[in-house]
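Undergrad: could you look at this predicted model? Sequence included:
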Amino acid sequence: MAYEAPAAWREEYHERIDRRIREWGEEIEKLSRKADGLGAEARTKLRKQVEELKSLQGTAKEKLSGMRKAGEEAWGDLHAGAESAIEELRKAIEAAASKRKK
């Protein structure tokens, strides 16, 4: 039997994760703007990273959207996949940001 999260908890979770994904989107845009002030090689590398981050962000958004549309039984299964995508995005953004601070 799949775990069934209460509807109120699921909605709060969706809102919290959606907010986090938007915040990370702002971080991605900051990195994109930062690329404009770099030399050609560094700019190319950072733009490639930004594109990878945008792809990860898109995946996380898709997973969250799937969870919103899912029934209660499927929600638990989709939750694990969404958490994985969100964690991958978080780590990638942190890694990219820390490289740029050095």
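TA: Happy to help now that I have it. Residues are numbered from 1 along each chain as shown.

Undergrad: what's the neighbour count on Ile28?
TA: Other residues near Ile28 come to 23 when the count uses other CB atoms under 10 Å. In short, each C-beta sits where N, CA and C put it, glycine included.

Undergrad: correction: Lys30
TA: Look at Lys30: counted by other CB under 10 Å, it has 13 neighbours.

Undergrad: per-residue pLDDT, it?
TA: pLDDT, Lys30: 93.

Undergrad: check Leu46 too.
TA: On pLDDT, Leu46 comes in at 92.

Undergrad: number the residues from 48 up from this point.
TA: All set: I'll call the first residue 48, so the last point we hit is now Leu93.

Undergrad: wait, it touches Arg80, no?
TA: No: under the criterion of CB atoms under 8 Å, Leu93 is not in contact with Arg80, lying 10.2 Å apart.

Undergrad: higher neighbour count, these two?
TA: Between Leu93 and Arg80, counted using other CB under 10 Å, the more crowded position is Leu93 (20 against 10).

Undergrad: pLDDT score for the spatially closest residue to the more buried one that is not a sequence neighbour?
TA: For Leu93, ignoring the flanking residues on the chain, the nearest one in space by CB to CB, 6 or more residues apart in numbering is Ala82 at 4.1 Å. pLDDT, Ala82: 89.

Undergrad: now for Ala82, how many residues are close by?
TA: Look at Ala82: counted by other CB under 10 Å, it has 18 neighbours.

Undergrad: lovely, talk soon.
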